[in-house]
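sharing a sequence plus its predicted fold:
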Amino acid sequence: MPRDRQNAGPCPKCSVGKVSCTYNRFDNGPERIDSWEHRCLSCSFRETKAFRSGEEPPAEGDPTTCPFCGRKVPGP
Ligand SMILES: [Zn+2]
Ligand SMILES: [Zn+2]
């Protein structure tokens, strides 16, 4: 399972901690879930977004681009 984590800069809530941007992809038969998470290591700040894509192309946004910081999934 591809998993990718990067530093996404200082936390907007506590401004002390660093936010990590994590990308996960789950393949579940014909359905694919691209999941993004920003989480602060010092406070409870956390935001997540998951894109579910089956046979149809996703209706909203690009699942390979983080909706929070805009970084792209690194290619293979
Ligand atoms: Zn924080
Ligand atoms: Zn991000």
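It's in. Ligands and ions are numbered 1, 2, ... in the order given.

CA only for contacts and neighbour counts going forward, please
Will do.

show residues contacting stretch 10-17.
Lys18, Val19, Cys40, Leu41, Ser42, Cys43, Phe45 (C-alpha atoms under 8 Å, 6 or more residues apart in numbering).

so which of the residues you listed comes closest to ligand 2?
Nearest to ligand 2, judged by C-alpha to the ion, of those is Val19 at 8.8 Å.

nearest residue to that closest one in space, please, no chain neighbours.
Closest residue to Val19 apart from its sequence neighbours, by C-alpha to C-alpha, 6 or more residues apart in numbering: Cys40 at 4.3 Å.

just Phe51 next, same as before
Leaving out its chain neighbours, the residue that sits closest to Phe51 by C-alpha to C-alpha, 6+ apart is Asp34, at 5.0 Å.

contacting residues for that neighbour?
Tyr23, Asn24, Arg25, Phe26, Ala50, Phe51, Arg52, Pro63, Thr64 are the contacts of Asp34 under C-alpha under 8 Å, 6+ apart.
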